[in-house]
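Peer 1: Sequence unavailable; structure follows:
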C-alpha cells in the first residue's frame, strides 16, 4: 500500500488522557513527521495535530484507537497525491 501525507486532528476534553494519547503516538512514531499540541486550559482541553507519512490503513488504525479513548475525538485528512 502506498504512503500518503495525512493529518490527524485530536481534541481531548479530558487532560488525564494525555498519557494514553502519547503512548499511542509513540507506537506510530515511525510514521509521524511532526506534531503540534496546544493546551486550552480555559476549557480543560487540548488539541494536537499530527502529520503522518503512512499507508491509509496505518493512519486509520491510529485515528480509530484515539477515537475509542473516553473524551477524545480524532479526525483524519488524507492527501490526494500518492
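Peer 2: All right, it came through fine. Fair warning: this is a prediction, and the values are worked out from it, not measured in the lab.
Peer 1: buried stuff in stretch 39-49?
Peer 2: The neighbour-count check on stretch 39-49 (16 or more other Cβ atoms under 10 Å) flags 46, 48 as buried. C-beta coordinates here come from the backbone N, C-alpha and C atoms, glycine included.
Peer 1: Okay, now the unreliable bits of the chain?
Peer 2: Applying pLDDT under 70 to the chain flags the ranges 82.
Peer 1: so where do the strands sit in this protein?
Peer 2: Applying DSSP state E to the chain gives strands spanning 3-12, 32-40, 45-55, 72-78.
Peer 1: which other helices and strands contact the longest one?
Peer 2: What that stands for is strand 45-55. strand 3-12, helix 18-27, strand 32-40, helix 56-67 (3 or more Cβ pairs under 8 Å, 6 or more residues apart in numbering; DSSP states H and E).
Peer 1: I'd like the strands of the chain as JSON lines, with distance to residue 22 appended.
Peer 2: Listed next are the strands of the chain as JSON lines, based on distance: least, Cβ to Cβ, whole Å:
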{"stretch": "strand 3-12", "distance to residue 22": "11"}
{"stretch": "strand 32-40", "distance to residue 22": "9"}
{"stretch": "strand 45-55", "distance to residue 22": "9"}
{"stretch": "strand 72-78", "distance to residue 22": "12"}
